[in-house]
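1. only the shape, not the letters, is given here:
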């Protein structure tokens, strides 16, 4: 077998550019569920950056926010994102709503806007992590900046 012998089974990777420290206004491109390469369940939101305080993620960039469901805060983080993206109370987020928003054929959150405040923290395990809090777009840039 030659150097490209395994190309038939190769998979393309969409990932790589994630939200970083900063304050953002984002357009939601799509929300989806998939298994990571390690076989973990993951909830992923993809965005187009409209406004940014981070010079590495300028307006026009496309980036992602991924939550792997093997961590305890995962469902709470997903719930917080969806509540802000849908402009509803967190108590209104149900399993059925999550199932509906990850429907790639319908892609119901595409074209909606949300703001985000992201900070770098250290996890309990001592690993760097970018913690993201989402804010309703209608709250404006000042509200997002306050969360940062």
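-> Nice, I can see it. As the structure is a computational prediction, the values presented were derived from the model and not from experiment.
2. tell me which element residue 37 falls in.
-> Using DSSP states H and E, residue 37 falls within no helix or strand.
3. and it, how far from residue 76?
-> 25 Å (C-beta to C-beta, to the nearest Å). Heads up, the C-betas are built off the backbone N, CA and C, glycines and all.
4. likewise residue 103?
-> Distance of residue 103 to residue 76, given as C-beta to C-beta: 22 Å.
5. check residue 120 too.
-> 20 Å.
6. quick check: longest strand of the chain.
-> Across the chain, the longest stretch assigned as strand under DSSP state E is strand 22-35.
7. which other residues reach it?
-> Outside strand 22-35, the residues that touch it by C-beta atoms under 8 Å, 6 or more residues apart in numbering are 41-54, 57, 62, 85, 101-102, 104, 107, 109-118, 137, 141, 144-145, 147-148.
8. strands paired with that strand, and their directions?
-> strand 41-52 (antiparallel), strand 113-122 (antiparallel) (DSSP bridges).
9. just put those strands in a markdown table and tack on mean pLDDT and mean neighbour count.
-> As requested, the strands paired with strand 22-35 are exported to a markdown table (pLDDT from 0 to 100; neighbours: other C-beta atoms under 10 Å):
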| stretch | mean pLDDT | mean neighbour count |
| --- | --- | --- |
| strand 41-52 | 97 | 19 |
| strand 113-122 | 95 | 18 |
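10. beta-bridge partners for the spatially most central residue of the chain, please?
-> Nearest to the mean C-alpha position of the chain, by C-alpha atoms, centre = their mean, lies residue 65 at 2.3 Å. Bridge pairing for residue 65 (DSSP bridges) gives the partners residue 45.
11. for the helix or strand of the chain with the lowest mean pLDDT, packing partners?
-> In the chain, no helix or strand scores lower on mean pLDDT, DSSP states H and E than helix 140-147, which sits at a mean of 80. Contact partners of helix 140-147 among helices and strands, from 3 or more C-beta pairs under 8 Å, 6 or more residues apart in numbering; DSSP states H and E: strand 22-35, strand 113-122, strand 128-136.
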